[in-house]
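Novice: Below: sequence and its predicted model.
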Amino acid sequence: MKKIILFFFIFSSILFTTNCSHAEKENNVILNFEYCVRQDNRVKYGISTNLPDNAIISYQIDDIEDYNFTKQGTFSAKNGKYEGEIPNVPDNKLEMWIAFQIFPVLDSSPYKQPKEIIDKYGINGEKIQGRQKDENTSHGYKTKTKTLTRIEATCIIPHK
């Protein structure tokens, strides 16, 4: 009888561990800058991701010298890729930030994630998995605030 209980315990542990690691792999988000360059008075950027096509990705670009320029918005990648550009940027050093995040917003907000994305990653992103932050911040890393979890990446665009 002890052998049967021990076998059942081991089998259950293996099954539980396998299911957890599968869910973690499935929710492991990749969000990377492939490039981020200044061209004339605009910034061109490309990202790669494993997020579903309808996932909303936020961006923000800031002047980090004079702090008098900020633009922000959203986009969705298609087939794991997105290329965009931001016109009319100043000549100063800039920082661009992209993030996949889920947080409660009004239904009409451009930051509102689709229901299937919320179901997969959690109402506050609590099911999001990702790599830890290191010196390569152009590759998305997991970050957590009090109640929200997100994947973010940054890119520095040198002074013109």
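Specialist: Looks like it arrived, so ask away.
Novice: My guess is G122 contacts I102. True?
Specialist: Yes. Using Cβ atoms under 8 Å, G122 is in contact with I102, at 6.7 Å. Using the backbone N, CA and C atoms, a C-beta is placed for each residue, glycine as well.
Novice: Those two: which is more packed in?
Specialist: More crowded of G122 and I102, by other Cβ atoms under 10 Å: I102, with 24 against 15.
Novice: Just confirm that one contacts I123, I think it does.
Specialist: Yes. Between I102 and I123 there is a contact under Cβ under 8 Å: 6.8 Å.
Novice: Next one: Q132 from T145, what distance?
Specialist: According to Cβ to Cβ, to the nearest Å, Q132 stands 16 Å off from T145.
Novice: neighbour count winner among these two?
Specialist: Between Q132 and T145, T145 has the larger neighbour count (other Cβ under 10 Å), namely 11 against 7.
Novice: still on that earlier bit, overlap in contacts of G122 and I102?
Specialist: Common contact partners of G122 and I102 (Cβ atoms under 8 Å, 6 or more residues apart in numbering): I128.
Novice: Pull the distance from stretch 145-153 to the chain's centre.
Specialist: Put simply, stretch 145-153 sits 9 Å off its chain's centre (Cα atoms, centre = their mean, to the nearest Å).
Novice: how long is that stretch from one end to the other?
Specialist: End-to-end span of stretch 145-153 (Cα to Cα, to the nearest Å): 15 Å.
Novice: contacts for it?
Specialist: Applying Cβ under 8 Å, 6+ apart, the external contacts of stretch 145-153 come out as 29, 31-33, 47, 97-103, 122, 124-126, 128, 130, 137-144.
Novice: What residues of that stretch count as buried?
Specialist: Within stretch 145-153, the residues scored as buried using 16 or more other Cβ atoms under 10 Å are L148, T149, R150, I151, E152, A153.
Novice: would JSON lines of the residues you listed with secondary structure be doable?
Specialist: Formatted as JSON lines, the buried residues of stretch 145-153 follow (DSSP: H, G, I helix; E, B strand; the rest coil):
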{"residue": "L148", "secondary structure": "coil"}
{"residue": "T149", "secondary structure": "strand"}
{"residue": "R150", "secondary structure": "strand"}
{"residue": "I151", "secondary structure": "strand"}
{"residue": "E152", "secondary structure": "strand"}
{"residue": "A153", "secondary structure": "strand"}
